[in-house]
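Undergrad: With the input below, show me the fold.
(3 chains, ligands or ions: 3)
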Amino acid sequence: MKRTLGVCYYPEHWPEDLWADDATRMVRAGLSWVRIGEFAWSRIEPKPETFDWEWLDRAIDTLGEAGLKIILGTPTATPPRWMLEKHPDMLAVDEQGRPRGFGSRRHYCFSHQGYRAESRRITAILAERYGANRHIAAWQTDNEYACHDTTRSYSSAALAGFQTWLAQKYQSTDALNRAWGNVFWSMECDDFTDIGLPNLTVTEPNHPHVLDFYRYSSDMVADFNREQVAEIRERSTAPIIHNYMGRETSFDHFKVGADLDIASWDSYPIGFLSDRLEGAPDFKARFMRQGHPDNQAFHHDLYRAVGRAGGAPSPAGGRWWVMEQQPGPVNWAPYNPAPLPGMARLWAWEAFAHGAETVCYFRWRQAPWAQEQMHAGLLRPDNEDAPALAECLQVAREIETLPDVGTARADVALVFDYESAWAWEAQPQGADFDQFRLAFAAYRACRRLGLNVDILPPDAADLSAYKITLAPGIMSVSAPLKQALAATPEGHVALIGPRTDTKTEHLSIPTPMGPNIDPLDLAVTLTESIPPQASIPLENGGQFLHWREVPEGSAPVLLRCADGLPAIAGGPLRYLAGWPDDPTWDTILRGVCDEVGLTHHTLPDGLRIRDTDTHRFVFNYAPEPLLWNGTAIPPAGVHWEAL
Amino acid sequence: MKRTLGVCYYPEHWPEDLWADDATRMVRAGLSWVRIGEFAWSRIEPKPETFDWEWLDRAIDTLGEAGLKIILGTPTATPPRWMLEKHPDMLAVDEQGRPRGFGSRRHYCFSHQGYRAESRRITAILAERYGANRHIAAWQTDNEYACHDTTRSYSSAALAGFQTWLAQKYQSTDALNRAWGNVFWSMECDDFTDIGLPNLTVTEPNHPHVLDFYRYSSDMVADFNREQVAEIRERSTAPIIHNYMGRETSFDHFKVGADLDIASWDSYPIGFLSDRLEGAPDFKARFMRQGHPDNQAFHHDLYRAVGRAGGAPSPAGGRWWVMEQQPGPVNWAPYNPAPLPGMARLWAWEAFAHGAETVCYFRWRQAPWAQEQMHAGLLRPDNEDAPALAECLQVAREIETLPDVGTARADVALVFDYESAWAWEAQPQGADFDQFRLAFAAYRACRRLGLNVDILPPDAADLSAYKITLAPGIMSVSAPLKQALAATPEGHVALIGPRTDTKTEHLSIPTPMGPNIDPLDLAVTLTESIPPQASIPLENGGQFLHWREVPEGSAPVLLRCADGLPAIAGGPLRYLAGWPDDPTWDTILRGVCDEVGLTHHTLPDGLRIRDTDTHRFVFNYAPEPLLWNGTAIPPAGVHWEAL
Amino acid sequence: MKRTLGVCYYPEHWPEDLWADDATRMVRAGLSWVRIGEFAWSRIEPKPETFDWEWLDRAIDTLGEAGLKIILGTPTATPPRWMLEKHPDMLAVDEQGRPRGFGSRRHYCFSHQGYRAESRRITAILAERYGANRHIAAWQTDNEYACHDTTRSYSSAALAGFQTWLAQKYQSTDALNRAWGNVFWSMECDDFTDIGLPNLTVTEPNHPHVLDFYRYSSDMVADFNREQVAEIRERSTAPIIHNYMGRETSFDHFKVGADLDIASWDSYPIGFLSDRLEGAPDFKARFMRQGHPDNQAFHHDLYRAVGRAGGAPSPAGGRWWVMEQQPGPVNWAPYNPAPLPGMARLWAWEAFAHGAETVCYFRWRQAPWAQEQMHAGLLRPDNEDAPALAECLQVAREIETLPDVGTARADVALVFDYESAWAWEAQPQGADFDQFRLAFAAYRACRRLGLNVDILPPDAADLSAYKITLAPGIMSVSAPLKQALAATPEGHVALIGPRTDTKTEHLSIPTPMGPNIDPLDLAVTLTESIPPQASIPLENGGQFLHWREVPEGSAPVLLRCADGLPAIAGGPLRYLAGWPDDPTWDTILRGVCDEVGLTHHTLPDGLRIRDTDTHRFVFNYAPEPLLWNGTAIPPAGVHWEAL
Ligand SMILES: [Zn+2]
Ligand SMILES: [Zn+2]
Ligand SMILES: [Zn+2]
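TA: Ligands and ions are numbered 1, 2, ... in the order given. Next comes the predicted model:
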């Protein structure tokens, strides 16, 4: 399958007499796909049960006849105003107890059964009408689940749903009381209806209470999505996709992904660097027009794994897309610089290098009004070409010269677990502890060494293909993964920790204290979090930041802290008892590479590589030219060479 | 008309046997005016419809007979406790949905019709009683509209009022949906009662929705004020004044000012530096006892313009006062240092130099109790002289030696627009973009060059008197101003931008993209906001901060960014495509001055000048002596010389 | 009486077959006391009026028979879930108007009469059952009053209670209006039911209104406690204790302490350094494993004073304990490092050196689940010894070799007043002004000079035993203290100020302006607060931070500011007109010591001393060895020598 490009388009925003010209220009720009419909509910069903299909029929026809394949979105992220009159209590409620009102988007509570029925209804109607339409080549469910912190709602619908969910999970309040340790502080309950939502408590609520609420909330997203999928599958054979967001850990993407055919995500490198990634001011200034040099890659690899959850063509390669690719400045970050010329091309090629089938730019033409009017598109609001259009065309031409979609099997596996993110959010123990941040720190180190990484779900059962496995912060290691880690052979290294397998599934401390993974004889007996101004020096000159654990046991010590306590201990399966700073990560991983015989690089700051099955791709995220094997790669430059 | 001094006084706070002595001491201190009554509602009408006028009659008589002219305030900023029993829902509601309760002041919603009737009622009764009183020489409506963020209320009264206002403005929901771009995200409505207030939405509400709500809220302030003015005018010929605040942009002061005779403002230089002005810590430490060296001047010039809106004696000179002048430490800022000795004099003279008729100190005697007990007065709470009293007397004596009120026609015009402030508040696009901050940056540059500035409203129709016009950040330039800018002759310069005329009146992007002002052939096609740690270097060594635009068109480029993009382009009418830092502003303005043949100075840090029609005044805001043409001016020193 | 050790234990958390072994290990660790029961309500009374005593009987018997003395806690800090069904409105309401729900602890409003009855009921039942039990050697009321900001509730119960309290205090609204200065801003009321709670006002509420609400709230804590004490005293002769928190000033501990036999507090040196003490990052990094070197001592001295309020054996020595001593990392601070080895011993000895009778570690065995699962104990969750256990045993052995409980009479008295803390919280006037911070600054200076300090309540009537008295920030000096200060003889020094006796009891400014304490002829006529980036230089090279006052009067000036204004003036009774920085405090106090003939030391950074009646104790809080009279004291080292 050739790599393809696409674009997001809103025919309802434009006079109908522009559509045909738009379609022609899209095709001319090298685009194959066009995504439509996902915010158009008020135009599809302007009044309850009163539909206006004609415009959409014509739009689909115009685009399709021009040769474009259409991704049709269900419009459930933006229910129209009249929906609130049918379901006045459908709004989510924030953690402070305030309803989150109409007037923007995602104004619904996943637990509200009335709105869930509406979601099924409109999905069924849409699929019924267009399920067999030959131009509809894919479906998108809803839009950016969880965006704007919408996974968790503290509504009465959520309360009732949560109580039922708990009753099903625990069967008795006794079991729940034991699992949560409710005897502590007399929190015991004798009826599931006694249990509240874990917000607005006097001091912090019980962590397992919070964790179960986060699990419940994640399940509601998966249920919501599954219901739409069921309606579509009954009526269409086209693949079904959802477009996930960046650094969004509030629901289990693997679970949602298991019901879908293709994973996709919305990649806003500059916006995400500005609004959701750690980084010193000078780092953020250096990359302000390019985005974080590892963040796109991380999400590409993560969503490739999520794509695998839907049934993968191969172990390495889940099907996945970039559904929305930033083409210019956006509107929603605290600061919104324009990309360096070339980045709209670089970002697309980086996605392809990581195995993406399709990259869709968001959006075709910049809207002149409403919330995103300052969000660039491929066209300007006055219908002129925007800077990214030429880069899009360049990518389209380059695709022709290169082989089909493909990804290299990586040498490093990194386990990522959403439940752990929730657990540590409920119980950080140190203000800087965050599961994404920890996993991303490990990932970034791999990238600095030029390693290809596969991200694996927490129930991965086979690690044999990976010389190196990293599993930081996995609160409670699943049985299959435990078995796989236990089987780490000589010549491979599985480096787990910090904070891995130190809790039960109920977020309590096991006895014996974890990790409890044969043959690693080691237990974390004491944990400390470290303020930003301090660190734990290691005997090799490195240091731990944020976090340090005190392990006990007979596992051979491979690296010590300066105070003599173990920093890394074990054999092929080994434990990392702290949070290394970046140079220390590099030292540790370089050593492991040497140990297992894996080639590594020392990449200049901003240069990144990724291999497919046939080529090595080199990307320059830096604002200055950088050298790769003697070749100067310009800023925003993309270089590829056959493997 | 001679310049005059006054003071704010609360006879109801003191034993009646102090009044006569107070009046005598006021006169002895050189005061002509005394403002009273604006917080006395609970003493005037202790129970509904039960009035106690005697004390006020006697207070007015005592003060008046001593030779003082009285400004009588309507007491509507502090309705008594019983008012809430009549109108339980009269309270404003904050953006978080919480009623803003009784117990301080300004506890009312401008949209509440019941309270509006009470406001008219008490104003009429007061004007009826004192409208013909010979001691009442002026009126003040309410007190400090908007203070404590009180312009905007999210109450049900506001909701109803806003819906009616929208219905009148748009006539049909179709028109509103089009104007706001409600098709985006399915936000369309089919009934004006569907439209909510733009708070507590899931993510940001639609910007034009917000802007219209801000316009509505501003109109309510103007309506409220206009109703009081009507009641007073029926019964009195004395001029009517309102006392505005500093850096308060939540309502359109020009609209309120159009109904009044005199503008006034409450000048708290030290408090404002502490709580509402940008500035590095060392800057704030340098001026902590003097206030920002340009902030008072800016507001003097702004409110002189607002005074013109009420019908000006001359184009340059609207009637305006300082109604409250800080005399010592205040109580309400995060930090409250005492003024440098001499500042109570300097501030008064600076107001006079900018054309003030009257400066009233706030307050006569420091209150020993309640919220402002730590707010200094001219007298201490133990009735001794406070430090500012002698400075007040000195000013009174100096007034005698100088000519009448007068202001120089300025050479620079700076357009200031409240709607733009609301637009950018709704849609900042970069976290540091703020209309006041931008306009003030331009103003400060003028001041550093020793230029006299007139501030003009956004519908200014004639710029011919100004060699230089600055119009930064005016979102949508009005027809008359457009015509005036278009007419900029050779030998004059109108420098507009950044972000000027880049939006329609509905806060959307026009096609052709703006600015659309003949003969300037230039369009802003791309906009970016810049984080604080970065900047855009210019080819002349300067730099843009915060903001940069990419203009296209045939307008000649006068200055380029280091990357080659235009920084300034045009002819006599030209566009500034970014936010210059202070030295760059200086360079740009110096060049423009040289171009139009305007003398400029290079003033030492803290020295400021202002010309009247007869004199040049020089003020030293620095904590050390500074030289002016060879004359050493001491800290807090005021120097004047005939022109 | 020999010093003793104890531990906090939760039999209800563990299988019953562990209890006997736990008891044996406790005794073997040198522990004499075990605190139980304070969170066990849901196990004692699982359903309303249905009790389960057997387990508690057996637990008490098992522990008691092993030789342990039991402190039995009333369980009122954690009412069970069913309590909310009986009293749905018993929850406190936060300042934002939100009920503070079930799901953690302290979920009750002190003003709720229904819950107050429940508190009396369960206390009476518990005391009835165990009042004569020979193993019950002490009682604890509730747990950590005020923790999690629970003193003040904005509930309707609090509103009603506050109105009644005001009616009793003022008798007429006229008196209240006068006391509060309600004429200001028309805040007058004519009925006590008109008065609201001082939250959610438009701008700041009237300070005396706030102060009275804080007084009322403090009274409710004292009433709540007194009611429990009454129930216990009827049924038991064992001493009654409450365990206070650190840096908790929201209620008057002296008033609560007056009803109790022994004061105690919960000492978390590392947690408190992280979450509630000022300190530069490098300071916090240096002491992150030891805690603030003066904070424990301050609270030891403070609670010794609170212990005296209950009737002291001697003027110096109130009875007091540490009820909870941190033994390892805690879970609740932003960062939770582990203690330096030796600190669990040092903290215990420091408490003993300050006169503690008993130090109880919290807790016996780390709980594996619920909110505090990451809070270390003397045992690990897997029942192995945790690091602190050996230190505990070492202390137990050392106790044997030393004399009985005793404290030196201190040479310095420091007056501490909770009402002043509330007054300045209501009216800080400068963002950095805080009564605890000010008093602690004075205390720290004493510690750096190696002085022993007694803390005195604001109604202290006799200072004759102290060569030096410090009384900073006492808003309104009580009659007895005024007399005692006035009587300061030659050869003694009482240094009061800043901000001392500058207000009436109603938090207004007196005339004559204060302080009004014979024979000090001095009045503070002007006050200023200073931003952090500025300071007031003194003529001796020192400086004032945060705060400076301008005194007038004939009091001889002893130190001047660089601008000539007095910094210290008076005789034996003298006034300090600002907030000295640390070196300036040292200079001032050294001078005073020399003047009154008091020996002082210049202690290295981290070394601290405290004398008992027989010994001098030296503690090394630094992370490196420090010298004391030629003896090297290791980090976390404790040294004692006979006096
Ligand atoms: Zn129940
Ligand atoms: Zn409707
Ligand atoms: Zn009333």
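
Undergrad: mind giving me the domain split of chain A?
TA: Chain A resolves into domains spanning A:4-150+A:236-400, A:412-596, A:607-642 when parsed by automatic domain parsing.

Undergrad: buried sites along the last one?
TA: The one in question is domain A:607-642. A:607-613, A:615-622, A:626, A:628, A:633, A:635-640 (16 or more other C-beta atoms under 10 Å in any protein chain shown). Any C-beta I mention is one placed from the backbone N, CA and C, and that applies to glycine too.

Undergrad: want to try CSV for the domains of chain A, with distance to C:Leu302 and mean pLDDT as columns?
TA: As requested, the domains of chain A are exported to CSV (distance: least, C-beta to C-beta, whole Å; pLDDT from 0 to 100):
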stretch, distance to C:Leu302, mean pLDDT
domain A:4-150+A:236-400, 36, 97
domain A:412-596, 26, 98
domain A:607-642, 56, 97
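
Undergrad: Chain B contacts on the stretch 101-250 of chain A?
TA: By the rule C-beta under 8 Å from any C-beta of the partner chain, the part of the stretch 101-250 of chain A lying against chain B is A:101-107, A:147-148, A:150.

Undergrad: Quick check: A:Gln543 vs A:Glu552, distance?
TA: In this view, A:Gln543 and A:Glu552 are 22 Å apart by C-beta to C-beta, to the nearest Å.

Undergrad: element containing the residue in the stretch 351-500 of chain A that chain C sits nearest to?
TA: Here the stretch 351-500 of chain A gets closest to chain C at one residue, A:Ala431, 4.3 Å apart by C-beta to the nearest C-beta. For A:Ala431, there is no host helix or strand (DSSP states H and E).

Undergrad: and it, how many neighbours?
TA: 15 (other C-beta atoms under 10 Å in any protein chain shown).

Undergrad: circling back to that earlier point, so which of A:Gln543 and A:Glu552 has more stuff around it?
TA: In this view A:Gln543 and A:Glu552 are compared by other C-beta under 10 Å, and A:Gln543 has more residues nearby, 21 against 17.

Undergrad: Tell me how far the residue nearest to the more buried one when sequence neighbours are not counted lies from C:Pro337.
TA: Closest residue to A:Gln543 apart from its sequence neighbours, by C-beta to C-beta, 6 or more residues apart in numbering or on different chains: A:Ser535 at 4.3 Å. Separation of A:Ser535 from C:Pro337 (C-beta to C-beta): 11 Å.

Undergrad: repeat for A:Trp628
TA: 43 Å.

Undergrad: Hmm, A:Glu204 is touching C:Arg106, no?
TA: No - using C-beta atoms under 8 Å, A:Glu204 makes no contact with C:Arg106, being 11.9 Å away.

Undergrad: Comparing these two, which residue is more hemmed in?
TA: The neighbour comparison of A:Glu204 against C:Arg106 (other C-beta under 10 Å) goes to C:Arg106, with 23 against 19.

Undergrad: How about the contacts made by that one?
TA: A:202-203, C:77-78, C:144, C:147-148, C:150 (C-beta atoms under 8 Å, 6 or more residues apart in numbering or on different chains).

Undergrad: Specify the local secondary structure of it.
TA: coil (DSSP: H, G, I helix; E, B strand; the rest coil).

Undergrad: Need phi/psi at the residue nearest to it when sequence neighbours are not counted.
TA: Nearest residue to C:Arg106 in three dimensions, chain neighbours excluded: C:Thr150, at 4.5 Å (C-beta to C-beta, 6+ apart). For C:Thr150, the backbone dihedrals (degrees, to the nearest 10) come out as phi -100, psi 0.

Undergrad: And A:Ser535 and C:Pro337? Which one has more around it.
TA: Counted by other C-beta under 10 Å, A:Ser535 and C:Pro337 do not tie: C:Pro337 has more neighbours, with 25 against 19.

Undergrad: okay but that one is in contact with C:Val330, surely?
TA: No - look at C:Pro337 against C:Val330 with C-beta under 8 Å: they stay out of range, at 9.8 Å.

Undergrad: in chain A, what residue is nearest ligand 3?
TA: Residue nearest to ligand 3 within chain A (C-beta to the ion): A:Gly97, separated by 30.5 Å.

Undergrad: Next, the contact list for that residue, please.
TA: Per C-beta under 8 Å, 6+ apart, neighbours of A:Gly97: A:154, A:199-200, C:98.

Undergrad: ok, A:Tyr593 touching A:Gly450?
TA: Tyr isn't right for residue A:593; it's Cys. No - using C-beta under 8 Å, A:Cys593 makes no contact with A:Gly450, being 9.9 Å away.

Undergrad: Find residues that contact each of those two.
TA: Counting by C-beta under 8 Å, 6+ apart, the residues touching both A:Cys593 and A:Gly450 are A:599-600.

Undergrad: Neighbour count: the two, which is higher?
TA: For A:Cys593 and A:Gly450, the more surrounded residue by other C-beta under 10 Å is A:Cys593, and the numbers stand at 22 against 19.

Undergrad: Look up how far A:Glu400 lies from the more buried one.
TA: 36 Å.

Undergrad: With A:Phe213 instead?
TA: Taken as C-beta to C-beta, the span from A:Phe213 to A:Glu400 is 50 Å.
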